[in-house]
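Let's see this in three dimensions:
(one chain, ligands or ions: 1)
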Amino acid sequence: MSSVIETDEQAATRPERRPTGRSVLMCRPEHFSVVYRINPWMNPAEPTDTGLALEQWQTLYETYLALGHDVQLIDPIDGLPDMVYAANGGFVVDGIAYGAKFAHVERRPEGPAYMQWFRDAGFDVRVPREINEGEGDFLLVGDMILAGTGFRSDSLSHEELSGIFGREVVTLRLIDPSFYHLDTAIAVLDATPGQEHIAYLPSAFDGASLAFLQQRYPDAIIVNETDAAVLGLNSFSDGYHVVIASRATDFERQLREHGYHPVGVDLSELLLGGGGVKCCTLELRR
Ligand code: ARG
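Numbers count the residues shown, from 1 in each chain. Okay, the predicted model is just below:
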């Protein structure tokens with residue numbers, strides 16, 4: 001297994017961590033609440049506080065601005081309480097926006113709403129044929145797309161994806177219902193081709209997927225169950241600053257050891273819907 005703690009030699013040879021400015025799309029949680037249950041985190045009987053969700057979300061928004069990122073906003077729609085999880089709204093690379101087609105009927109109307117936003121923003125929109133939940137399940141790492149399946153995105157969408165983007169797509173199978181989207185089980189820390197670096201939760205994957213991750217990313221950070229359980233992996237990295245759940249303390253320590261600068265935020269209210277930092281963030285790559 002790969003070493004969790006970096007040796008001096010690894011530290012000396014690792015690439016210098018550099019931040020690059022990003023453009024992201026977010027959605028204010030004005031209509032956030034938990035009124036249905038489509039993942040194990042959600043419990044409609046437990047009350048949610050929309051005001052607190054807005055406050056916590058605002059902190060994340062301001063954190064991105066302070067880090068120099070460009071943040072675009074899509075208007076929230078009444079009746080779509082999960083729309084705050086913008087990562088599921090599509091997958092955007094090379095100016096092409098592959099639209100989402102949600103697995104659950106409760107979220108289905110979000111697909112067209114996000115596609116309209118992409119069109120208005122000048123992206124080349126591809127209407128999806130297959131069920132997929134966007135960047136929740138698709139992660140760009142180097143030139144490759146890691147694509148999750150098992151709970152939400154259909155593996156047929158992985159073929160559609162490779163046809164649209166002309167990139168290698170690797171299917172990873174998720175097996176733990178608490179980590180139902182790929183972005184809850186893998187964090188992309190550095191997507192730069194040639195110096196790809198990720199963090200992940202091994203128990204979230206089936207045997208073949210785990211074997212692939214171990215072989216392909218031998219220097220990955222292995223995150224423990226405690227940090228994964230506060231959705232610590234659901235983080236956003238610009239190559240140097242990593243915005244993470246402030247309760248993911250061991251992951252934070254490991255990030256520092258690997259030369260990153262973790263920035264903790266508390267999204268406890270949005271965790272009640274089963275989402276964290278990354279879920280609220282969709283990267284727009286022109
Ligand atoms: N309640 C939402 C759902 O179950 C949460 C989505 C989280 N998004 C993510 N990218 N992991 O669909």
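
got a list of what the residue nearest to residue 57 when sequence neighbours are not counted touches?
In space, and not counting its chain neighbours, residue 57 is closest to residue 29: 5.1 Å by C-beta to C-beta, 6 or more residues apart in numbering. For glycine as for every other residue, the C-beta is placed from the backbone atoms N, C-alpha and C. Shown in contact with residue 29 (C-beta atoms under 8 Å, 6 or more residues apart in numbering): 50, 53-54, 57, 76, 84, 270.

Kindly provide the distance from residue 29 to the ligand.
11 Å (C-beta to the nearest ligand atom, to the nearest Å).

Run through who's touching the top helix by length along the chain.
Longest helix of the chain, by residue count under DSSP state H: helix 50-66. With C-beta under 8 Å, 6+ apart as the test, helix 50-66 has contacts from 24, 26, 28-33, 71, 84, 236, 243, 263, 265-270, 277, 280-281.

near the ligand at all, it?
No - on the criterion C-beta under 6 Å from any ligand atom, helix 50-66 is out of touch with the ligand, staying 12.3 Å away.

what's the helix or strand just after that helix in contact with?
Counting by DSSP states H and E, the element after helix 50-66 in chain order, helix or strand, is strand 70-73. For strand 70-73, contacts defined as C-beta under 8 Å, 6+ apart pick out 21-28, 61, 64-65, 121, 284.

quick one: buried residues of the following helix or strand past strand 70-73?
Reading on from strand 70-73 to the C-terminus, the next helix or strand found by DSSP H and E is strand 90-93. By neighbour count, with 16 or more other C-beta atoms under 10 Å as the criterion, the buried positions of strand 90-93 are 90-93.

likewise stretch 9-18?
Quick answer for stretch 9-18 (16+ other C-beta under 10 Å): residue 17.

That stretch: how far from the chain's middle?
Offset of stretch 9-18 from its chain centre (C-alpha atoms, centre = their mean, to the nearest Å): 25 Å.

do the same with stretch 246-266
Distance of stretch 246-266 from the chain centroid (C-alpha atoms, centre = their mean) equals 16 Å.

for it, how far is the first residue from the last?
6 Å (C-alpha to C-alpha, to the nearest Å).

what mean pLDDT does it have?
The pLDDT scores in stretch 246-266 average 97.

pLDDT score assigned to the residue nearest to residue 57?
Looking at residue 29, the pLDDT reads 98.

do the same with residue 4
52.

where does this protein have low pLDDT?
1-6, 11 (pLDDT under 70).

again, only this time at 50
The model of the chain has pLDDT under 50 over residues 1-3.

any chance you could map the helices in it?
8-13, 50-66, 110-120, 156-165, 207-216, 225-228, 249-257, 268-271.

that older thread, any idea how far the residue nearest to residue 57 lies from residue 234?
15 Å (C-beta to C-beta, to the nearest Å).
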